[in-house]
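[1] whatever this is, show me its structure:
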Amino acid sequence: MAMAFSSLSALLLLLLFPLVLFASFGAADEEKMTHLHFYLHEINSGANATGMTVAVPPGKEFYYETFGAISVIDDILREGPERDSKLIGRAQGLLAQASLEKPALLSAVNFVFTAGKYNGSTFSILGRAVLTELFERAIVGGAGMFRMARGYTLAKVISAEEGYLIMELDAYVVHP
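    Have a look, this model is predicted:
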């Protein structure tokens, strides 16, 4: 009889353990989704360039399509598409031309907010960027108000003048 009671007790503990953990760490409904809409401005030529190619495969010239080319960015995030709209942060990261078939970048980028409600907060994205179409990248983490973030971004190029690129971004950030 003692053996049956101890087995039953162990089974009850195993069944109740997930409930105790859930109560200890909070319910999933405490998370919220924040939608951010902003513009990335990149200067890719001249003395004040915010994006530059740092590596090109041996024996190759750099073009946008050059497979294996690696670039770094410290681009400007603004509220609007205008070059003088309010500065809200920076996009800092790495881009690698990772497709033999058509230009498609592997991007790993931190969005660092330096103004407004999200000042001091960041989130990070990872994914594939094809600049000729609307593209989606995963949000894989964050800090500050976006600690433990997940979600996705949608981006599209809205202007690509000589030496100046503007992208429109929507970020859907799930966070505590």
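[2] drop to CA atoms for contacts and neighbour counts, all remaining ones
    OK.
[3] surely Ser124 touches Phe146?
    No - in terms of CA atoms under 8 Å, Ser124 does not count as a neighbour of Phe146; the distance is 9.6 Å.
[4] more neighbours, these two?
    Each of Ser124 and Phe146 has its neighbours counted (other CA atoms under 10 Å); Ser124 has more, 23 against 20.
[5] can you tell me the SS state at that one?
    strand (DSSP: H, G, I helix; E, B strand; the rest coil).
[6] got a pLDDT number for the residue lying closest to it once chain neighbours are set aside?
    Using CA to CA, 6 or more residues apart in numbering and skipping residues adjacent in sequence, the residue nearest Ser124 is Asn110, 4.3 Å away. pLDDT, Asn110: 98.
[7] what's the answer for Lys117, then?
    95.
[8] next SSE downstream of the helix or strand harbouring Asp75?
    Assigned by DSSP states H and E, Asp75 belongs to strand 70-78. Sequence order places strand 87-97 as the next helix or strand after strand 70-78, per DSSP H and E.
[9] tell me the strands beside that next one, with direction?
    In the sheet, strand 87-97 lines up against strand 70-78 (antiparallel), strand 105-113 (antiparallel) (DSSP bridges).
[10] contact partners of it?
    Strand 87-97 is contacted from outside by 40, 65-79, 103-116, using CA atoms under 8 Å, 6 or more residues apart in numbering.
[11] in this structure, which spans are helices?
    2-25 (DSSP state H).
[12] low-confidence stretches in it?
    1-29 (pLDDT under 70).
[13] excluding chain neighbours, what is closest to the residue minimising distance to the centre of it?
    With distances taken as CA atoms, centre = their mean, the residue of the chain nearest its centroid is Ile125 (2.1 Å). Spatially, and ignoring its direct neighbours in sequence, Ile125 is nearest to Ile139 (4.3 Å; CA to CA, 6+ apart).
[14] show me what contacts the one you found?
    Contacts of Ile139 by CA under 8 Å, 6+ apart are Phe123, Ser124, Ile125, Leu126, Ala149, Arg150, Gly151, Tyr152, Thr153, Val173.
[15] hmm, Glu65 is touching Glu101, no?
    No - Glu65 is beyond contact range of Glu101, at 9.2 Å (criterion: CA under 8 Å).
[16] so which of these two has more stuff around it?
    Between Glu65 and Glu101, Glu65 has the larger neighbour count (other CA under 10 Å), namely 16 against 8.
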